[in-house]
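1. Sequence and predicted model, in that order:
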Amino acid sequence: MLNYSFNLGMAISALLVCTVNLIYTFIQGRTDKTQNKIFIVIVCILICNSISGIISAYYGFYPNSPSAESFLRTNHYFYFITHTALCPMFFYYISSFSFVSTRLTGVRNSLIFAPFFITELMVFSNMFTGFVWTVDKNMTFQRGAGEMIIYVVALFYYLGSFNVLIASWDVISSKRRLAIIFFFVLVGIGVATQLVNKDIKVEILTEAVGFTGVMMLVENEDDRMAGQSGFYNRAALALDMKAIIKHNRNVDIIILRIKNLEIISRIVGGDETSLLSDILKDYLNTIAKRYNTYVPNNNTIAMIFYDESPEYIKKIVRDIYKRMDEAWDYEGSQVYLDSVIMVAEVPEQISGLNELFYMTDKPIPSNKTNRIMRGDDLNYIMKRQAIEGALSRGFVEGSYEVYYQPTYHIDKRLHGAEALIRMHDKELGNLYPDEFIPVAEQNGLIDEIDDFVLEEVCKFIESGIPQKHGIDNINVNLSVVQCMRPRFVDHIIEIVDRYNINKSYINFEITESIAAADYDLLSNIIMQLKKEGFLFSMDDYGTGYSNVSGIFSLDLDVIKIDKSLLWGAEKSESGMIILENTIRMIKQMNKKILVEGVETAEQIKLLEKLGVNYLQGYFFSKPIPMEDFLALISRQKKVSLSDSLVYNRT
């Protein structure tokens, strides 16, 4: 009688736990994924098993009840039919959320689930064979050989589930791994206890409690959600993509990047972190399933499509492209989204997370103007990854080299030079700064590159060669990342002081875009470094949209006019007016002027007439290695001396 009371309590407890789990699952509303459906099926199986346990315990109290025999016989079938399915369903559940189920197709799927079908057949035929269990005339349950086979098959799926967990360990989040391990341990204890003593019915309760942990840590996906949109976040995309790649799944990815979200956020006053999802949610739900849609960052949506034909993907892309040309209604405002649609296949074009997040995060090359990018348009991703590899090994292999492009006084006397970084990689060949500097800025190597250039320039100045050839200073470029570095000023001074050189030989160049980023910060940096004796130039003036008064509030020594203004002056009268007035304004600000892009004698005559101070361009020399630069200035010095001797003799 004590066992019946204990077993009744176990069964009722299991029923209550499972019922709560089922209700909570529906309240959460996460019932659309395959794993959600399998979870619900498993909970329903446990509810059925709990009811079966209650019936068995009840008739244990009243064994002589007229209905006892028929109810108990039916109850045994009810229990074994449902409970035999539990471990196979759990195996399918683990396989589903770890993406292993995508490999369970065809013959493989049939072979894996064949033992389950055999055990179910054994249960259904038990009324004729008595192979699984028997009930004697006293209604005493007796195990048969078939029940041990069912336990062995259950162990097969149990161990199979554990194997799937281990195989997918790195594509399952830590809390989900913890939940599944908790389930394995708890259920293992319950099954072992009941196997040793069939009268102690604790198996169902341990399974119910174990699945409560699964519901809390696996089915509850709050950590995967991107706000209230129902879409998944960046971490979920990373885990799911790792699983897709690990299990060799072929999928298509459509990435939608919005270029003007910041402007739209200012217009509508929305929170930029959820604005895109809020605008597109209803439309995207007609394109892809909620759980296949991700928000990796504020201005990007990624959608994964499984088992779709190329024609279907093309149709989806065309539909999105067409819709993006129309206005979107958002909280009473109509907004237009400036979009780029990127389409890639896994694993043909995306074989790792790096390629995926290049597509979602990195700037699209300026030469890519298509609004739909697919196929060869995405080759830049592979090139970018190769450049990252080259940057990482660059210092070890000595790939970096500083080139020098000379600058001249307006009378063609040598003035100085601009130090420019170049890269000679053994695999990619020669790389130019516009290829590798943006990548270096994003992966954090730009600091080391900037320091390398400054140190090479310091070594050059320390050698005494610049002084010997009458060089006034060497220009060194500063990046925006470099200027934002903590203790930037102290770091620069520390490097230069190691070489014990006159700091006035170094002229730091900043671009107009850097200056526009933060005038106050930059003004403070310039002030501190100029106190140490360094010079400062504004590079590429005329290419940005900065505040002119802000630019000239900085204590700059030289303004370098971008070549586009010089070349534009040769093409049109309006271009000439812009150049003339730009030079006039700079002169009125008492700043010296260097013009870049000088390529012809006619341009020099024009600039001489306009009264600029310095020249730089291919008319004199392109950027060249140090050896060639030294040869160039040595030849020019000899020519200059020769001209001077002729002049003196005359």
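-> Received it, and whenever you're ready, just let me know what you need.

2. Might one say that Asn292 is in contact with Ala302?
-> No. Taking contacts as CB atoms under 8 Å, Asn292 lies outside contact range of Ala302: 9.2 Å. To be clear about C-beta, it is placed using only N, CA and C from the backbone, and glycine gets the same treatment.

3. The two: who's more crowded?
-> Neighbour count, other CB atoms under 10 Å: between Asn292 and Ala302, Ala302 has more, with 26 against 18.

4. Helix, strand, or coil at that one?
-> The three-state assignment at Ala302 reads strand, by DSSP: H, G, I helix; E, B strand; the rest coil.

5. Skipping its backbone neighbours, what lies nearest it in space?
-> The shortest distance from Ala302 to any non-neighbouring residue, by CB to CB, 6 or more residues apart in numbering, is to Tyr294 (4.5 Å).

6. hang on, that neighbour in a helix?
-> No. Note on Tyr294: no helix contains this position according to three-state DSSP, which reports strand.

7. who does it bridge with?
-> The partner list for Tyr294 in beta bridges (DSSP bridges) reads Tyr232, Ala302.

8. Report pLDDT for it.
-> Predicted confidence (pLDDT) for Tyr294: 95.

9. and the residue nearest to Glu532 when sequence neighbours are not counted, what is it in contact with?
-> Nearest in space to Glu532, with sequence neighbours left out and distances taken as CB to CB, 6+ apart, is Lys503 at 5.3 Å. Lys503 is in contact with 496, 532-534, counting by CB atoms under 8 Å, 6 or more residues apart in numbering.

10. Could you list the low-pLDDT ranges of the stretch 51-200 of the chain?
-> 63, 101-106, 137-139 (pLDDT under 70).

11. Okay, helices next: where are they in it?
-> 68-83, 86-97, 106-124, 126-129, 145-167, 174-196 (DSSP state H, counting those that start in this stretch).

12. Now tabulate the ones you listed in CSV and tack on mean neighbour count and distance to Ala288.
-> Formatted as CSV, the helices of the stretch 51-200 of the chain follow (neighbours: other CB atoms under 10 Å; distance: least, CB to CB, whole Å):
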stretch, mean neighbour count, distance to Ala288
helix 68-83, 17, 35
helix 86-97, 24, 19
helix 106-124, 14, 25
helix 126-129, 12, 47
helix 145-167, 17, 26
helix 174-196, 17, 23
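
13. Throw these into a markdown table and include distance to Tyr404, thanks.
-> Conversion of the helices of the stretch 51-200 of the chain to a markdown table gives the following (distance: least, CB to CB, whole Å):
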| stretch | distance to Tyr404 |
| --- | --- |
| helix 68-83 | 81 |
| helix 86-97 | 59 |
| helix 106-124 | 64 |
| helix 126-129 | 91 |
| helix 145-167 | 56 |
| helix 174-196 | 53 |
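
14. Which stretch among those helices approaches Ile372 most closely?
-> Ile372 sits nearest to helix 86-97 of all the helices of the stretch 51-200 of the chain, at 32.9 Å, using CB to CB.

15. can you give me the angle that closest one makes with helix 145-167?
-> Helix 86-97 and helix 145-167 meet at an angle of 20 degrees, taking axes from the mean of the first three to the mean of the last three CA atoms, to 10 degrees as the criterion.

16. CA atoms of helix 86-97 as CSV?
-> Below are the C-alpha coordinates for helix 86-97, written out as CSV (Å, rounded to 0.1, in the frame of the first residue of the first chain):
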residue,chain,number,x,y,z
LEU,A,86,9.9,9.1,-25.5
CYS,A,87,13.7,8.5,-26.1
PRO,A,88,13.4,8.5,-29.9
MET,A,89,11.5,11.8,-29.7
PHE,A,90,14.2,13.2,-27.4
PHE,A,91,16.9,12.2,-29.8
TYR,A,92,15.0,14.0,-32.6
TYR,A,93,14.6,17.0,-30.3
ILE,A,94,18.3,17.3,-29.6
SER,A,95,19.0,16.7,-33.3
SER,A,96,16.6,19.5,-34.2
PHE,A,97,18.0,22.4,-32.2
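
17. ok, and what's touching that helix?
-> Helix 86-97 is contacted by residues 33-35, 38-39, 41-42, 45-46, 49, 100-101, 104, 112-113, 115-116, 153-154, 156-158, 160-161, 164-165, 172, 176, 180, 207, 218 when judged by CB under 8 Å, 6+ apart.

18. 6 Å instead?
-> 34-35, 38, 41-42, 45, 101, 116, 154, 157-158, 160-161, 164 (CB atoms under 6 Å, 6 or more residues apart in numbering).

19. Could you work out the most separated pair of those residues?
-> The span of these, defined through CB to CB, is set by Thr34 and Ala154 at 22.2 Å.

20. any idea which element the nearest residue in space to Tyr312 that is not next to it in sequence lies in?
-> Excluding its sequence neighbours, the residue lying closest to Tyr312 (CB to CB, 6+ apart) is Phe305, at 7.8 Å. Phe305 belongs to strand 300-306 when assigned by DSSP states H and E.

21. For burial, what's the neighbour tally of the nearest residue to Glu570 once chain neighbours are set aside?
-> Spatial nearest neighbour of Glu570, excluding adjacent residues (CB to CB, 6+ apart): Gln603 at 7.4 Å. For Gln603, the neighbour count with other CB under 10 Å is 20.

22. got it, and Pro433?
-> 16.

23. Check what pLDDT it gets.
-> At Pro433, the model reports a pLDDT of 86.

24. mind listing what it touches?
-> Pro433 touches Ile421, counting by CB under 6 Å, 6+ apart.

25. any idea how far it lies from Met423?
-> Pro433 sits at a distance of 8 Å from Met423 (criterion: CB to CB, to the nearest Å).

26. looking at this structure, which helix or strand is least sure?
-> One helix or strand of the chain scores below all others by mean pLDDT, DSSP states H and E: helix 512-517, with a mean of 56.

27. Name the next helix or strand downstream of that one, please.
-> By DSSP H and E, the next helix or strand past helix 512-517 is helix 519-531.

28. Can you point out the buried residues in that next one?
-> 519, 522, 525-526, 529-530 (16 or more other CB atoms under 10 Å).

29. can you list the residues you listed in a markdown table and add pLDDT and distance to Asp555?
-> Shown next, in a markdown table, are the buried residues of helix 519-531 (pLDDT from 0 to 100; distance: CB to CB, whole Å):
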| residue | pLDDT | distance to Asp555 |
| --- | --- | --- |
| Tyr519 | 71 | 12 |
| Leu522 | 82 | 10 |
| Ile525 | 89 | 11 |
| Ile526 | 90 | 5 |
| Leu529 | 93 | 10 |
| Lys530 | 94 | 6 |
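
30. got the residues you listed as TSV, with distance to Ala288 columns?
-> Below are these laid out as TSV (distance: CB to CB, whole Å):
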residue	distance to Ala288
Tyr519	45
Leu522	45
Ile525	48
Ile526	51
Leu529	53
Lys530	56
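
31. Buried ones in the lengthiest strand in the chain, by neighbour count?
-> Using DSSP state E, we find that the single longest strand of the chain is strand 414-425. By neighbour count with 16+ other CB under 10 Å, strand 414-425 contains the buried residues 414-423, 425.

32. Can you give the distance from that strand to the centre of its chain?
-> Centre-to-centre, strand 414-425 and its host chain are 34 Å apart (CA atoms, centre = their mean, to the nearest Å).
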